[in-house]
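Peer 1: Fold the following, please.
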Amino acid sequence: MRVLVAVACCAVLVKGGPDAEPARALPPIILPLEVLGDAGTTRELCFDAGSSIPATGPAHIEARIYGLEYEEMGEVELNRSAPIVLRDANVDLEKNPKAWGGIGGAYSTLDLKIPVPTDALVPGVNSLRFRFRKTDGFALGFRVLKANVVVGGTPLIKPEAFRQDDPNTWRAPLPSDGDIAAGKTLWESAPLTLSPLQPAPMKAKCADCHAADGYDLKYFNFSNLSIIERSKFHGLSEPQGKQIASYIRALQAPNPGRPWNPPYQPGPGIDSKPVQEWAAGAGIDWVLKDDTEMLKYMYPGGVPRPQDLKANRNQRETPVAVELPSWNQWLPRVHPVDGWGDGFKKTPQWQTYQEYRNNARFNGSSGEKVGTWREFQVARPGQPWPKDLEPLVSGQGDAAVEEKARILYSYQQWLLVKRWEIARRFELEGLGDVYSTEKISWNPFPSTLSAATTVSNPRTWGTHNAAFNVAPHMCKLPREKNNSIRRGNAAMWDYFSLSWYHLQLVLTDNHRSGDGATHWPYTVAFTASRGSKGGGFPLLRFFTFEKFREAYFNNFALKEGPARSMVPGGLYVISRKHPLSKGVFNDLPNAIYLPLVEAQLRSWLDDCKARHTRAEYAAALPEQFDGGKYATIRSHHLLSFPQQLFDALTEWKSLGLNSKLLHEAADYGKLLWPADAAAWDGLKL
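Peer 2: This next block holds a predicted model:
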């Protein structure tokens, strides 16, 4: 077992009472503690609890830990007390992480409260140790981002005892030109093995799963220790790991990220930073503790108001309670060449990447860059994986199914990483103005050149499926179990479908191009995902619905596909009665829910009345009007606009919807569908 000491003070554990070590000045505690390496690797920090321990109140350890991939992966010890194994039963978790699987669930960074006996503490210097217990064949440890011991509500370690490790002070372990060159060669071509548990050879090299030049490890500030230990994990020696770490340190590249800060995590102020820092995200602290906290960021003062469809909601700066995937969750666990074999290198997907990764046109004008980027996006076949190599994923509960699911999921992760590599290497993310210059041609909608144009954003990926296709839903992974993602159950399938879809919205918000960049029905639908004990995202559903409406507020002809989502009935997706709401609004107090509904209903009525006449609606959508198959409030079909509107208004009336607004909406329903006049009038009684 290796014990790595965070501060050099704990060579001798102290005893309580008269033998207690006297108080003394301790070196700063450097965070994070990287508990990375072989099974048994331990990191220790020491703190001075003072001359006496508070006599009242329970004691617990508070720790923020990134990278607990499964239960019993780690343990913690306080002085000579028995080790506490980190499993759900032994810790207290916050609401959302608990709802979404706890340790090893959807959230990579967890704030834990770990009860400990008060008598484990001693006056003077105390020792707190974190230990990596075992690998699953993928993980090599975890990082402790924050730690403290709390007694009776009082933290014993003072804020001034901590210091954050500064990546800008890191140096190459082997700084000679020869070692750096050797590290580059190892990065590109060293033979690797799968893991200590399965030391079989891999076909992929370091550069295959990461950015080809290792740029991602520099950008997200993976430490020397993490690079060395991961090198050893895959069969290389410690000196070889040091050479690779030295090569990464020598790269000339921006380095604003950290491994635990999810790429592109939204938060206030992110647009004011250089576009080169966008991928670093706003930071883990901007993952909201509760979805309802979004309200104050969506509306000034937290008071809902009718949506101004001419304004752009900034999805990059609006924080959410969804923790987007961390960089480790972008990286494939199985490279396609190991999943499908050497045949993968003959596919259009592989060959397209090889063709474009060094394409000289990416060094041209902004227009040439965007054109080349678009070519790269559409050059591969439309299916989400190489069809001729697709392993069939069917059935549930089969270990072989899980491995096949991992291969499919990893393929999409690989493709996303390579897109990120090209987008960052050639600085393609800040070209939003160029994307606004084209008209929109719809497919499979009528092949007419729309009068609508895209609207620029200051930063964008300008592509509709980069992150979208990574969603387990799009990968067609089995939902209930054996889907290979974290705990492998339905909650993971739901959460990561949502998180990848929201990441797509952050990367490319459609530029008011309807379905041109994000397939909104999927994105809105998965905001209704719920964990095992609540944990839904109702405010995110409202926010996404507003982006959905915003995207279609453009000069589309009524018969064009995007405008169909704006016709009467569109509000049904924010109704509790909508089948795809799945109870997401049930826990939202009416004091929050009804003002949101009233604001959207007001905006929707104003827009629909101003946009088209009843005759125009009826001519464009005959199935919804005047004898069409969906044209009554009792069509008994999800696609019936009058039924959607009537059911939503009925529900909202029962909750206390503003009567004046209700009457106006009922009169509008009566205007559109006069055959059901009595029912619409009944809403006003």
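
Peer 1: quick one: buried residues of the longest strand along the chain?
Peer 2: The strand that spans the most residues within the chain, counting by DSSP state E, is strand 141-151. Of the residues in strand 141-151, 141, 142, 143, 144, 145, 147, 148, 149, 150, 151 count as buried by neighbour count, 16 or more other C-beta atoms under 10 Å. Using the backbone N, CA and C atoms, a C-beta is placed for each residue, glycine as well.

Peer 1: Tell me the one of those nearest residue 672?
Peer 2: residue 145 (55.0 Å; C-beta to C-beta).

Peer 1: Name the residues linked to the closest residue to the closest one other than its chain neighbours by a beta bridge.
Peer 2: Closest residue to residue 145 apart from its sequence neighbours, by C-beta to C-beta, 6 or more residues apart in numbering: residue 64 at 4.3 Å. Note on residue 64: beta-bridge partners by DSSP bridges are residue 111, residue 146.

Peer 1: Count the residues that sit near residue 64.
Peer 2: If you count neighbours by other C-beta atoms under 10 Å, residue 64 ends up with 19.

Peer 1: I'd assumed residue 107 was in contact with it.
Peer 2: No: if you go by C-beta atoms under 8 Å, residue 64 and residue 107 don't touch, sitting 11.1 Å apart.

Peer 1: got the buried residues of strand 141-151 as TSV, with distance to residue 89 columns?
Peer 2: As requested, the buried residues of strand 141-151 are exported to TSV (distance: C-beta to C-beta, whole Å):
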residue	distance to residue 89
141	22
142	18
143	23
144	20
145	23
147	21
148	22
149	21
150	20
151	22
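
Peer 1: residues touching the residue nearest to residue 145, list them.
Peer 2: Residues in contact with residue 64 (C-beta atoms under 8 Å, 6 or more residues apart in numbering) are 109, 110, 111, 112, 144, 145, 146, 147.

Peer 1: tell me the two of the residues you listed that are most distant?
Peer 2: 109 and 147 (13.5 Å).

Peer 1: Tell me which stretches of the chain form strands.
Peer 2: Using DSSP E, the strands assigned to the chain run over residues 3-5, 29-31, 33-36, 42-48, 59-66, 74-78, 84-85, 109-116, 125-132, 141-151, 154-155, 162-164, 439-441, 449-453.

Peer 1: now those strands as CSV including mean pLDDT and distance to residue 504?
Peer 2: Putting the strands of the chain into CSV (pLDDT from 0 to 100; distance: least, C-beta to C-beta, whole Å) gives the following:
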stretch, mean pLDDT, distance to residue 504
strand 3-5, 50, 39
strand 29-31, 97, 33
strand 33-36, 98, 31
strand 42-48, 96, 37
strand 59-66, 97, 24
strand 74-78, 98, 33
strand 84-85, 98, 38
strand 109-116, 97, 22
strand 125-132, 97, 34
strand 141-151, 97, 27
strand 154-155, 92, 40
strand 162-164, 97, 32
strand 439-441, 51, 18
strand 449-453, 58, 21
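
Peer 1: Distance to residue 670 added to the ones you listed, as CSV?
Peer 2: Output for the strands of the chain, formatted as CSV (distance: least, C-beta to C-beta, whole Å):
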stretch, distance to residue 670
strand 3-5, 73
strand 29-31, 64
strand 33-36, 66
strand 42-48, 69
strand 59-66, 56
strand 74-78, 63
strand 84-85, 64
strand 109-116, 52
strand 125-132, 66
strand 141-151, 58
strand 154-155, 62
strand 162-164, 63
strand 439-441, 35
strand 449-453, 31
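
Peer 1: quick one: which of these is nearest residue 173?
Peer 2: Once the strands of the chain are compared by C-beta to C-beta, strand 33-36 is nearest, at 14.7 Å.

Peer 1: Can you name every helix or strand that that closest one contacts?
Peer 2: strand 42-48, strand 125-132, strand 141-151, helix 224-233 (3 or more C-beta pairs under 8 Å, 6 or more residues apart in numbering; DSSP states H and E).

Peer 1: again, only this time at 6 Å
Peer 2: Strand 33-36 is packed against strand 141-151, helix 224-233, with contacts defined by 3 or more C-beta pairs under 6 Å, 6 or more residues apart in numbering; DSSP states H and E.

Peer 1: Quick one: closest of the ones you listed to residue 134.
Peer 2: Minimum separation from residue 134 across the helices and strands packed on strand 33-36 (C-beta to C-beta) falls at strand 141-151, 10.4 Å.

Peer 1: Could you pull up the mean pLDDT of stretch 608-621?
Peer 2: For stretch 608-621, mean pLDDT is 85.

Peer 1: meant to ask about stretch 312-329, not that
Peer 2: Across stretch 312-329, pLDDT averages out at 95.

Peer 1: how long is it from one end to the other?
Peer 2: One end of stretch 312-329 to the other measures 30 Å (C-alpha to C-alpha, to the nearest Å).

Peer 1: again, but for stretch 149-160
Peer 2: Per C-alpha to C-alpha, stretch 149-160 runs 15 Å from first to last residue.

Peer 1: now stretch 608-619
Peer 2: Start-to-end span of stretch 608-619 (C-alpha to C-alpha) is 15 Å.

Peer 1: ok, and for that stretch, which residues are buried?
Peer 2: For stretch 608-619, a neighbour-count test (16+ other C-beta under 10 Å) marks 608, 611, 612, 614, 617, 618 as buried.

Peer 1: wait, doesn't the last one sit right on residue 625?
Peer 2: I take that to be residue 618. Yes: look at residue 618 against residue 625 with C-beta atoms under 6 Å: they come within range, at 3.8 Å.

Peer 1: which stretches of the stretch 501-650 of the chain have low pLDDT?
Peer 2: By pLDDT under 70, the weakly predicted segments of the stretch 501-650 of the chain are 510-511, 513-521, 531-534, 554-570.

Peer 1: Show me where it has its helices.
Peer 2: Along the stretch 501-650 of the chain, counting by DSSP state H, counting those that start in this stretch, helices occupy 520-526, 538-552, 561-564, 590-611, 614-620, 641-654.

Peer 1: from these, which stretch is densest packed?
Peer 2: When the helices of the stretch 501-650 of the chain are scored by mean count of other C-beta atoms under 10 Å, the highest mean neighbour count falls to helix 538-552 (a mean of 24).

Peer 1: on that earlier part again, hey, what's the angle from the longest strand of the chain to strand 42-48? Just curious.
Peer 2: Inter-element angle recorded for strand 141-151 and strand 42-48: 20 degrees (by axes from the mean of the first three to the mean of the last three C-alpha atoms, to 10 degrees).

Peer 1: Show me what strand 141-151 is packed up against.
Peer 2: Counting contacts by 3+ C-beta pairs under 6 Å, 6+ apart, strand 141-151 packs against strand 33-36, strand 59-66.

Peer 1: burial of the nearest residue to residue 408 once chain neighbours are set aside, as a residue count?
Peer 2: Nearest residue to residue 408, sequence neighbours excluded (C-beta to C-beta, 6+ apart): residue 475, at 5.0 Å. For residue 475, the neighbour count with other C-beta under 10 Å is 25.
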